[in-house]
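> One predicted model, sequence on top.
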Amino acid sequence: MSVVTDPAATPAPAPAPASTRGRRLRPAYWWLLGIVGFIALLSLLERVTGADDLTSAGTVGATLIATMPIMLAALGGLWAERAGVVNIGLEGMMILGTFGAGFFAFTYGPWIGVAGSVALGMVGGLVHALATVVFGVDHIISGVAINIIALGAVQYLAALTFTGVEGGGPTQSPKIGNVPTISFPALGDRLGEVEDNNWFFVSEIAAIARALVTNLSVLVLISLALVVLSYVVLWRTAFGLRLRSCGESPAAAESLGVAVMRYKFTAVLISGGLAGLAGGFLAMVASSNYREGQTGGRGYIGLAAMIFGNWRPGGLLAGSGLFGYTETLGLRQGGTSVRALLLLVSLLAIAFAIWQVRRTNFTTATVVFVIGAAIGAIYLSIDQVPGDFTRMTPYVITLLVLAFASQRLRMPAADGQVYRKGSAG
Amino acid sequence: MSRVLRALLGLLAPLLALVAAFVITSLVLISAGDPVGEVWSEILQVPETRNLANIINQACVLYLSGLAVAVAFRMNLFNIGVDGQYRIAAFVGAVVAGEAWLPGYLNTALAIVCAMAVGALWAGIAGVLRATRGVSEVISTIMLNFISTSVVAYLLREAAVREEGSNTIGTKEIPEGSRIGSIPLAGSGPGVEIYGFVVLAVLAGVAYWFVMSRTRFGFDLRATGQSTTAAVASGINVRRMTIITMMLSGAVAGLVGLPILFGEAYSYGSTFQSGLGFAGIAIALLGRNNPVGIALAALLFAFLEEQSNPLQILVGVSPEIVAITQGVIVLTVVISYEVVRRFLTRREQSRVARAERPAEPAEPAGPAETQDQETRA
Amino acid sequence: MTETSSTAPGDPRAPLAVRLRGIGKRFPGVIANDDVNIDVRRGTIHAVVGENGAGKSTLMKILYGVQPPDSGTIEIDGSQVKLSSPADAIKAGVGMVFQHFMLADNLTVLENVVLGAEKQHGIGRKARAEVRRISDAYGLGVDPDALVEDLGVGARQRVEILKVLFRGARTIILDEPTAVLVPQEVDELFDNLRELKREGLAVLFISHKLDEVLSVADEITVIRRGTTVRTVLPADVTSRQLAELMVGSELPSPGVSEKVTSTRVQLAVTGLSLHDAAGRALLDDITFQIRRGEILGIAGVEGNGQAELVEAIMGMRPGATGSIELTDQDLAPMSTLRRREAGIGYIPEDRHRHGLLLDSPLWENRVLGHQSRPPSASGRLIKRGAARADTQRIIDAYDVRTPGTDVPARALSGGNQQKLIVGREMSGDPILLIAAHPTRGVDVGAQAAIWNHIREARAEGLSVLLISADLDELIGLSDRIEVVLRGRLVGEFDPARVTPQQLGSAMTGAGSAA
Amino acid sequence: ACGGGGDDTASDGGSDSDGGSGSGLKVGLAYDVGGRGDQSFNDSAAAGLDRADEEFDLDPQESAAEDGESESAREERLRTFVEAGYDPVIAVGFAYEAAVAKVAEEYPDSNFAIIDSETVEADNVANLVFAEEQGSFLVGAAAALKTETDNVGFIGGVETPLIQKFEAGYVAGAEAVNPDIEVQTTYLTQVPDFSGFADPARGKTAAEGMFDNGADIVYHAAGGSGGGVFEAASESDGLAIGVDSDQYETADPSVQDVIMTSMLKNVDVAVYEYLAAVNEGDFPSGITRYDLAVDGVGYSTSGGQVDDIADQLDEYKQQIIDGEIEVPTAP
Ligand SMILES: Nc1ncnc2c1ncn2[C@@H]1O[C@H](COP(=O)(O)OP(=O)(O)OP(=O)(O)O)[C@@H](O)[C@H]1O
Ligand SMILES: Nc1ncnc2c1ncn2[C@@H]1O[C@H](COP(=O)(O)OP(=O)(O)OP(=O)(O)O)[C@@H](O)[C@H]1O
Ligand SMILES: [Mg+2]
Ligand SMILES: [Mg+2]
């Protein structure tokens, strides 16, 4: 099952030398530049449109909370797919994680709750690993089955454990404690003042900083650390090299004495644990109990964010961040904020069209220009985006970004392929 | 000889899976302290005619959903978006049928065509993005599911008629003459009927079989699914096939909601059944993209759903337990098929080997089998 | 080439590096190896030859621990070992370069090399230095930070060897390393091997090209139907005798074919150019004609535009400029399918990727590429019965060894898969056959059969565009040879007079065209 | 989702007596999605049943709907009750509208009640409906009276006509006090995505957005997502208004102080009164409207935060009862 772009189906124009050149430049540098540029763009947009919730501390804080579950799920996807196992069961493992957090945190306290969510996610990962790695089942089938089983099992277990418990019921756990949060109220207030001054760019930075020093859950820090850790382990250690080689060419890896099955198995277990933690985050930090249906498809979104991020930790962080951000905007002051985004999209489209003209790509240029102009017209003709449309923002934006960028994506070469031991040679 | 054996083994695999699912579910029940015996005797009892009708009706809907997923699967495209496609299509179908621009069954036909067209267009977005921009259809269809929710919600509110005092909204009711009559189930009283649409679903299945296995289009589709590179070399326009296949899948998805629409609900509203697209994925996988297999899978799922519904009332066990059964079946069916397939492949290989070395009669594959890495894997 | 090895071939004083005794390996229904006995001495190159499916690769995989033997013993450097995984073999000092490259495209050379051997020098700076050192010491010219996907076949081959050397292997297995190399690269490889040999390494070497074997090996072991037939010294045999040992009977003498080239031009390519996205020329103003009954050979180092040329003619690559005419019809507006219908047959370079549906039965593979033409189709429907019958015809005519038309293509060995493809592409009376490496990896018997089929069809007026890395094949089969270098045609040769060495230097741009 | 009653042997919910030993009145309760324990709408119905059970010693049985289930599944749930001898059968939620209509016709000798729908007309069906807009009007007025920023918020769980009734009443109430007041409104999801009733994370984000945008009181009609609204209020030093039951009593103690009041929709009363009548041998049918006049809806006072404006609210209440104020049912 090819989950991802088949290069043959779409002869990618991406030239090898260009990408090599890109690879040579320091990624950290690009990242910094990108982030700074993005913030500057938003603060400019804010000035132009008056949508001042775009970069408020509240938006940043809520974005962090909305981003983390998606990012952790995406990270789970990354571990599995880097080892060559497609994990569409992230959603199910996340569901298991929400229940794990609900049950263990309620019974033993928040930190055991965190551990419980990871453990239950790993149970899902274990099933997936057994099915795909040991029995060679198609990865998609196993993932879909896990989603069904996890949903049913959790509903069944919740009915069994939370029914009749004070504050709980068959569809929810009682309130559970949160892991500690970090706050520097004094610093936060100072930053708040800077934010209120409405200085171009500076206020935006202050808002971000303020969100980071106000009520920051330790679990957010842990999650962000996990992204860095994943990068280091996967790209800077021998273990990571072996694991990735299983996703690129398991036959080559095995021919060099790598225990392919063991690495794949481990990777899928870790994947399940991360997805479980994503569920745990949802139950403990984003809200404060387990609720049936709480994941709301975030596992799938995580998968999308991972693909969006080109199977790289930094990329998936950006993907889930974009998602969390646009979702937050829509939920908070969607009417005005999303309208401001319309302006941004419109201008970007027109810029893209002009660039296409210079590359003598006239059809694309025309189409994109017309779309951009139309969006611009919508921007001018309304002053509030209706609720139905603010809610679809994250999905539309994701589609748009992918439509423009996805030809550069490249998945692990052996991703999704069932590998049998002894296939080397 | 091989055909008979193959058929027998083909039956053996699902049987194995059912047994495994039975055992695992029972273990869960036992460890939770629930009454295993009562649960199974409730689920496994022969359904009453009324329930039988429900099972068939529900299976009809699930079948169409599975078929829609399978069309794309055959080309290695993963259409997670059937859910969004059928909802937006059912909505449009309901609006068209409710407006009744044409009389009687012409109206029905028009609505069906419109629903299929909308499903096709909606899925076509993912197809075009995949073919021209290389966007993975997995992501785009997930996104389109969410988007269709908002779009339908918005349009429904625009188009809705609301009965005084009701807390539901829905599209205009389809006039009597455009509804699809039900077929009374043989030997039962009034009210026990199955959707007339079942006939159309069966026809859709036959059409699926015919197109896939007998036509050039089906051949091209399957060939592309197996190997894009070989397809290109053989002269298949893969981009076009991608778009057409997604649209075809979407068109079938457009049918999913219609049995309910024309046979029972007569309008699209806030209580219209949801989530059918996701069930379709499991059913297509369980049915191995085979039209008869999908039908059996749909019947099995519908049977489990229907029979588990009263568990809460009669036995006091959460009916969610059957979701575990269903998931385990999906998983174990593949595992047992895999086991059986490996067995058959080994046989096949020994036959080939014998043909390749006519001078040297091959030894029976006795002890060597244990050395095969496949058995160890 | 005369033997100039420093170690006397089969020098009984040299210690044994590898001693295989009574190796047996059975797959379900197949005896891949049966009582195989081989001795390889230190400081020698030991060649293993045999037909397709004779069991050479299986034997090597056993020696490398990929597959466990059913019976027999393995001794390495005098001590008996049990190899249950490649890791064991690597520990015992064995390294292997597989028949199909074992490289991860998306990783760098360095990553590919250190994978699995990270303990030695880590994965960072030290490892990079070590890779450089080995590369320089053996003149491999490998850049540790290059992405493998950017490398050509020759460079990949050297990376594979580097992998083995990095692990400090003392015994090296090379399974058909020359199949994809041009003569110059082969010579370079052989120089490398001789260097290794001088350092006291033992090399096991598999090839279907018997001349090469005779030129480089110190000893040759022939395997037939899974069992060792005989070990000979290269000085004692001719390649014809070697072939007969492999096959176990006398080889049929190749039939003399008559040339019937007419003056009618069937394919005319004029000014064909193609650029990649970055604007580099992949094909640069290519002009040539093929007449009725003519075979035009294209010689060139892989990656110099052959694949693009084929794809442009087949219509699989958009963006090509210039004109392509087939019997005076302009092909430009035609899709690949229409071009096939117009009478082009196509034997692709990579049969697994472009030629077959591996999991589909043979008869469906017969339909592939012919889905719009009789006998496999009528109108929009596929005629299964007729397709099966015609598949059977191909199986009979081309001696495809298979139990029937319903087995999946995957179950056939490479040679038989190739014969099926040739049979398919020859059916429907094509006007033009584009044959890319039609006999790659195919044993001598099947090779001769495929050549014969091509010659017969030519006699009836078929034009052939032949692309091959096997210069003997090119010279033996073509009426004319064009050399392609960096997307341009740089010289035409008469096969009757040219030698492989001349061709080789034209291909690398070393000697200017004759 | 499974109703708690099913596990009566295992649970200590104290909802029902052991099967068969009661007064014999077999009552079936078919919940909407979420079932008993949802801390919201269904729980309210369950409370009514529990109270009736305590007083009349019934033999109740419960079952809950599943997300996105088919029409026939709902019908079958009702039929199963009837066939197993349960009479009456109470359907909780408008989703059962069509199912009750159909099954009631099939079993004319059994009795049914449906909550939140008045479209089913039959001799054996009682329609228990509420004037949510009236209750919402009062809490809207309360919010407008209490706000210091002239800016309040409303968060709906899922955008359905029923929840829009809450919105309409709330906005009308707020504007009755202060025509210039700003009312921010948001819905979390749309049908058929009912996760808006179960997603506290989204509820919290939406509420934070409103508080950041100047609101100081937010009313939620979002079921389980309301927990997030309370948390947001607590963190933003704002206030929140609960819904359906007195959430001051049921919510977590840590957020109790931010719950200014709750809009009461006394489903428990409706269920109880219906069962009481049945216990008397009387099977009511037709529409019973629970509005302000009969205290079927209202607002809660626990916590005492609205004591100071009680007079004004009671005045509005009287005007509504007298028909002087007509509260809109749609925004
Ligand atoms: N994994 C396997 N499973 C079953 N049979 C196998 C397997 N590998 C090889 N064989 C059988 O063993 C025989 C020997 O195969 P092997 O690959 O060793 O041949 P070879 O001599 O390397 O051929 P070639 O020259 O084409 O590379 C084949 O005919 C094949 O039928
Ligand atoms: N991993 C495997 N599993 C099952 N069968 C295998 C496997 N590997 C090889 N075979 C069988 O071994 C036979 C030969 O395979 P192989 O690819 O080695 O052929 P070949 O003649 O060497 O072809 P080529 O020259 O293209 O390498 C085939 O019949 C194939 O079915
Ligand atoms: Mg071989
Ligand atoms: Mg081989």
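Here it is on my side, so go on. Ligands and ions are numbered 1, 2, ... in the order given.

> pLDDT on stretch C:155-168, on average?
For stretch C:155-168, the mean per-residue pLDDT is 87.

> That one near chain A at all?
Yes: contact of stretch C:155-168 with chain A (C-beta under 8 Å from any C-beta of the partner chain) involves C:Lys163. Just so you know, the C-beta spots here come from the backbone N, C-alpha and C atoms, and that holds for glycine as well.

> Would you mind listing the residues in contact with the residue in the stretch 1-150 of chain D that ligand 2 sits nearest to?
Ligand 2 sits closest to D:Gly68 of the stretch 1-150 of chain D, with a gap of 43.7 Å, by C-beta to the nearest ligand atom. Residues in contact with D:Gly68 (C-beta atoms under 8 Å, 6 or more residues apart in numbering or on different chains) are B:Gln273, B:Ser274, B:Gly275, D:Pro192, D:Phe194.

> Now do the SS call for D:Tyr219.
Classification of D:Tyr219 using DSSP: H, G, I helix; E, B strand; the rest coil returns strand.

> Now it. Nearest residue, chain neighbours left out?
D:Ile241 (3.9 Å; C-beta to C-beta, 6 or more residues apart in numbering or on different chains).

> next one: phi and psi at that neighbour?
Note on D:Ile241: its backbone torsions stand at phi -120, psi 130 [degrees, to the nearest 10].

> what about it, how many neighbours?
33 (other C-beta atoms under 10 Å in any protein chain shown).

> so it bridges to which residues?
D:Tyr219, D:Thr261 (DSSP bridges).

> what about C:Asp285, distance to A:Ala253?
44 Å (C-beta to C-beta, to the nearest Å).

> rewinding a little: out of the contacts of D:Gly68, flag the one nearest to A:Val218.
D:Phe194 (32.2 Å; C-beta to C-beta).

> Any idea how many residues pack against the closest one?
Around D:Phe194 there are 24 other residues, counting by other C-beta under 10 Å.

> who are the neighbours in contact with it?
A:Gly293, D:Val33, D:Asp67, D:Gly68, D:Gly157, D:Val158.

> what does C:Leu193 give?
Residues counted as contacts of C:Leu193 (C-beta under 8 Å, 6+ apart) are C:Ile45, C:Leu174, C:Val203, C:Phe205, C:Val216.

> If we use 10 Å, what do you get?
Listed by C-beta atoms under 10 Å, 6 or more residues apart in numbering or on different chains, the contact partners of C:Leu193 are C:Ile45, C:Ile161, C:Ile172, C:Leu174, C:Pro177, C:Leu201, C:Val203, C:Phe205, C:Val216, C:Ala217.

> Ok, D:Met263 next?
Neighbours of D:Met263 in contact, by C-beta under 10 Å, 6+ apart: D:132, D:134-140, D:142, D:166, D:169-170, D:173, D:219-221, D:241-247, D:297-300.

> And the strands in the chain, which stretches?
Picked chain A for this. Taking DSSP state E as the criterion, chain A carries its strands at A:181-182, A:216-217.

> look at chain D instead
Under DSSP E, chain D gives strands at D:26-31, D:59-64, D:89-92, D:112-115, D:125-130, D:151-159, D:182-190, D:217-221, D:239-244, D:259-265, D:286-290, D:297-299.

> Out of those, which is closest to ligand 1?
strand D:182-190 (52.7 Å).

> low pLDDT regions in the chain?
The chain I'm using is chain A. A:1-27, A:406-407, A:422-425 (pLDDT under 70).

> wait, chain B
B:1-3, B:6, B:165, B:186-191, B:348-350, B:352-377.

> Tell me the residue of chain D that sits nearest ligand 1?
D:Gly68 (47.3 Å).

> then the least confident helix or strand in chain C by mean pLDDT to PDB, C-alphas only?
Least confident helix or strand, chain C: helix C:500-507 with a mean of 78, by mean pLDDT, DSSP states H and E. Extracted C-alpha coordinates of helix C:500-507, given in PDB (Å, rounded to 0.1, in the frame of the first residue of the first chain):
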ATOM      1  CA  PRO C 500      35.300  -4.000 -27.400                       C
ATOM      2  CA  GLN C 501      38.400  -2.000 -26.300                       C
ATOM      3  CA  GLN C 502      37.800   0.600 -29.000                       C
ATOM      4  CA  LEU C 503      34.200   0.900 -28.200                       C
ATOM      5  CA  GLY C 504      35.000   1.200 -24.500                       C
ATOM      6  CA  SER C 505      37.300   4.100 -25.000                       C
ATOM      7  CA  ALA C 506      34.800   5.900 -27.200                       C
ATOM      8  CA  MET C 507      32.200   5.400 -24.500                       C
END
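
> From the chain's centroid, how far away is stretch C:323-337?
Relative to its parent chain, stretch C:323-337 has a centroid offset of 30 Å by C-alpha atoms, centre = their mean, to the nearest Å.

> Need the distance between the two termini of it.
Using C-alpha to C-alpha, to the nearest Å, the end-to-end distance of stretch C:323-337 comes to 18 Å.

> go on, stretch A:289-296?
Stretch A:289-296 has an end-to-end distance of 15 Å (C-alpha to C-alpha).
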